[in-house]
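K.L.:
One predicted model, sequence on top.
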Amino acid sequence: MILKGKRGKLDGIGVNENEIGSDRMCGGYTISVVDVELSIYGDRLEIISPGRLPNTVTVEKIKSGYRASRNELIKEVLRDYRYIEAPGLGVPRKIIKGMREHNDTEPDLIEEEDRFIVRLWK
C-alpha cells in the first residue's frame, strides 16, 4: 500500500516516510507488496517490511546507492508523482545523511530471514 506522506520531522528526525516506502516498493527490496509495520519507541523509530532482499542487493549496496528496480513501470509512475527523485539514492542522500545531521548516528539496516528492518535512532 502506498500512502502519500507529508514532509516533516518526527521528534527532529527529518525523514520523509515516502523515502523508505518508495525505495522498498520500486527499488526491488521486497518480493511482494504487503503491510509495512511502523513502530515508534522512546529511543527509536522502526520500519519493518516483510520479505527478503533480492540476490543482487545487500545492505552495503543499499547504503552506497545501489539501483535495482524490480518494476520499471512502478518506478516511473512513482517518479512522475514525485514520490521518488532518483532510484537508489534516498537511503544515502536522505536517510543516512539526515540522521548524521540530526544526531550523528546512522540508521540500522537489518536483513533478517523474512523481513527487512530500518531503525532510526532518536
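P.N.:
Nice, I can see it.
K.L.:
what secondary structure does P87 sit in?
P.N.:
When classified by DSSP: H, G, I helix; E, B strand; the rest coil, P87 comes out as coil.
K.L.:
Would you confirm that it contacts S69?
P.N.:
Yes: in this structure, P87 is within contact of S69 by CB atoms under 8 Å, at 5.8 Å. Where you see a C-beta, it was placed from the backbone N, CA and C, and this is true even at glycine.
K.L.:
The chain: helices as residue ranges?
P.N.:
Using DSSP state H, the helices of the chain run over residues 17-26, 59-64, 72-80, 97-103.
K.L.:
P87 and S69: which is more packed in?
P.N.:
Comparing P87 with S69 by other CB atoms under 10 Å, the one with more neighbours is P87, at 21 against 15.
K.L.:
and the closest residue to the more buried one other than its chain neighbours, how many neighbours?
P.N.:
Among residues not flanking P87 along the chain, R67 sits closest, at 4.9 Å (CB to CB, 6 or more residues apart in numbering). R67 is flanked by 14 other residues according to other CB under 10 Å.
K.L.:
ok, now D35?
P.N.:
Counted with other CB under 10 Å, the neighbours of D35 add up to 9.
K.L.:
Done for today, thanks.
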